[in-house]
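**Q** quick one, what's the 3D model for this:
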Amino acid sequence: MSIFSRLFSKEKKEDLNKGLEKTRTGFFSRLTRVLVGKSKVDDEVLDNLEEILVSSDVGVGTTLKIIDRIQKRVSKDKFIGTSELNGILKEEIAALLAENNSDNPTEFTIPDDKKPYVIMVVGVNGVGKTTTIGKLAYQFSKAGKSVLLGAADTFRAAAVEQLIIWANRVNVPYVQQGMGADPASVAFDTLSSAKSRGSDVVIIDTAGRLHNKTNLMNELGKIKKVMSKVIPDAPHEVLLVLDASTGQNAIEQARQFLAVTEVNAIALTKLDGTAKGGVVIGISDEFKIPVKYIGVGEKMEHLQVFNKLEFVDSLFSEEDTNG
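**A** As a prediction, the model looks like this:
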């Protein structure tokens with residue numbers, strides 16, 4: 001049986017296919033054009049493929065790795081033609097993602113031995129951070145987990161208000177002290193409340209002021225230190241939210257956040273609104289940090305657990321690529 005056998009439900013798979021439609025159609029229309037009249041994978045085809053991958057925001061370093069892998073396969077097997085290129089490309093991208101994402105989840109789960117499981121969410125304003133928190137809360141609640149939100153992005157009044165709106169929408173409790181409050185104090189209160197409530201999951205929102213990195217580093221460091229006083233190994237997950245539609249800017253943002261704090265999971269939003277979905281591959285490869293969640297639409301169900309096999313399968317799906 002193929003490694004690309006169906007893992008997601010039909011509905012989830014359809015959402016993923018639709019979410020990647022712009023990336024897929026853009027990529028394949030360009031690939032089809034460069035292969036017209038070609039029967040053999042030669043240097044010209046590989047040069048053109050390289051250009052297509054880079055322009056799909058896969059990133060230069062990651063693109064060169066993929067091209068190198070394909071070159072090695074072509075030189076081993078002289079009979080590889082352009083008709084087989086899609087299949088080889090699909091396999092090599094899946095292999096590359098497999099190296100950087102060891103597990104292959106399909107559901108929203110947390111470790112059994114961490115209660116509450118504490119997620120600290122970081123990311124600049126405008127990437128969909130608070131929306132991702134709301135959707136995460138919804139998905140964990142749907143999976144039977146009790147969730148508590150902490151509004152520690154106290155730099156902007158709108159951020160606190162938006163988190164409260166989401167908490168009410170998905171019917172989960174929250175802790176807030178309003179704009180201008182000490183973010184570490186909010187985090188402390190949230191974790192203390194989670195312990196007394198017996199919450200399964202705590203999600204803490206934080207400010208994303210990258211223009212002042214020293215302040216951001218100090219603030220995030222203080223939040224972590226205060227959290228560890230309540231729960232010694234918290235936060236268990238530092239989730240960086242990036243906007244996929246910004247392409248290479250998302251990669252630059254990841255670099256900047258990694259310079260000021262440890263990150264062990266990534267969420268990529270707004271994949272449905274962009275042809276730059278290749279950035280998922282580039283980010284996964286460059287930072288060796290698991291891409292854990294992807295946003296493929298507006299609905300709450302459109303935040304999905306990132307499954308590398310389903311992602312690559314949808315990226316190479318033949319649906320809508322001929323239109």
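**Q** only C-alpha atoms for contact and neighbour calcs from this point on.
**A** OK.
**Q** point out where the chain drops to low pLDDT.
**A** Where the chain drops to pLDDT under 70, the residues are 1-7, 78-79, 101-105, 211, 318-323.
**Q** just to be sure, residue 150 is in a strand?
**A** Yes - read with DSSP: H, G, I helix; E, B strand; the rest coil, residue 150 is one of the residues of a strand.
**Q** ok, now which ones touch residue 155?
**A** Residue 155 is in contact with 179-180, 207, counting by Cα atoms under 8 Å, 6 or more residues apart in numbering.
**Q** nearest to residue 93 among the residues you listed?
**A** Closest approach between the contacts of residue 155 and residue 93, by Cα to Cα: residue 207, at 34.0 Å.
**Q** mind checking how far the closest residue to the closest one other than its chain neighbours is from residue 117?
**A** Using Cα to Cα, 6 or more residues apart in numbering and skipping residues adjacent in sequence, the residue nearest residue 207 is residue 153, 4.4 Å away. Distance, residue 153 to residue 117, by Cα to Cα, to the nearest Å: 20 Å.
**Q** more neighbours: those two, which one.
**A** Comparing residue 153 with residue 117 by other Cα atoms under 10 Å, the one with more neighbours is residue 153, at 28 against 23.
**Q** the chain: strands as residue ranges?
**A** 117-122, 147-152, 174-175, 201-206, 237-243, 265-269, 291-295, 303-305 (DSSP state E).
**Q** can you lay out these as TSV showing distance to residue 128?
**A** Putting the strands of the chain into TSV (distance: least, Cα to Cα, whole Å) gives the following:
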stretch	distance to residue 128
strand 117-122	11
strand 147-152	15
strand 174-175	19
strand 201-206	12
strand 237-243	7
strand 265-269	7
strand 291-295	9
strand 303-305	11
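**Q** and of these, who's closest to residue 65?
**A** Closest among the strands of the chain, using Cα to Cα: strand 291-295, at 19.0 Å.
**Q** which strands border that closest one, and is each parallel or antiparallel?
**A** Strand partners for strand 291-295, identified by DSSP bridges, are recorded as strand 265-269 (parallel), strand 303-305 (antiparallel).
**Q** who touches the longest one?
**A** By Cα under 8 Å, 6+ apart, the list of residues contacting strand 265-269 from outside reads 127-128, 132, 237-245, 280, 289-296.
**Q** can you rerun that using 7 Å?
**A** The contact list for strand 265-269 (Cα atoms under 7 Å, 6 or more residues apart in numbering) reads 128, 237-244, 289-295.
**Q** check stretch 234-249 too.
**A** 57, 117-123, 127, 129, 224, 227-228, 250, 263-271, 273-274, 276-277, 279.
**Q** narrow those to those that are buried.
**A** For these, a burial check counting by 16 or more other Cα atoms under 10 Å picks out 57, 117-123, 127, 129, 224, 227, 250, 263-271, 273-274, 276-277, 279.
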